[in-house]
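Peer 1: Provided below are the primary sequence and the corresponding predicted coordinates.
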Amino acid sequence: MSNIKDEIAKEIENAKNVCGVDSTSGECAAAWDAVEELQAEAAHQRQQHPKKNSLQQYCDDNPDAVECRVYED
C-alpha cells in the first residue's frame, strides 16, 4: 500500500509541475487524471480487505469461548 502512496505523491508533484505552466492544457488535465486513477486504485485495494463481523472479533478476543471452538475430525 505504501508503494501506491509513493506513486500518488509522485503523480501529484508531476501534475503540479505540468499545470504550473498552463493550467488549462490537455497535459494538465491528463496529469490530474493519472492522480485520480491512482487514488481510485488505492481506495479499491482498501475495500478488498473486508472487516470482521462481531463473532470474528469476539473470537479473536476470546479464543477459548465455547462459541469459538473449532472441531476437526
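Peer 2: Here it is on my side, so go on.
Peer 1: Does Q57 fall in a helix, a strand, or a coil region?
Peer 2: When classified by DSSP: H, G, I helix; E, B strand; the rest coil, Q57 comes out as helix.
Peer 1: Please identify which helix or strand holds the residue nearest the centre of the chain.
Peer 2: In the chain, the C-alpha nearest the mean C-alpha coordinate belongs to A42, at 3.1 Å (C-alpha atoms, centre = their mean). Assigned by DSSP states H and E, A42 falls within helix 26-47.
Peer 1: about what we covered before: so the residue nearest to the centre of the chain sits right up against I4, yeah?
Peer 2: Yes. A42 lies in contact with I4 (C-beta atoms under 8 Å); the separation is 4.9 Å. Quick note: C-beta positions are derived from backbone N, CA and C, even for glycine.
Peer 1: what's the overlap in contacts for those two?
Peer 2: Common contacts of A42 and I4 (C-beta atoms under 8 Å, 6 or more residues apart in numbering): none found.
Peer 1: returning to that earlier point: list the buried residues of the helix holding A42.
Peer 2: By neighbour count on 16 or more other C-beta atoms under 10 Å, the buried set for helix 26-47 is C28, A31, W32, A34, V35, L38.
Peer 1: That one packs against which elements?
Peer 2: On a contact count with 3 or more C-beta pairs under 8 Å, 6 or more residues apart in numbering; DSSP states H and E, helix 26-47 meets helix 2-21.
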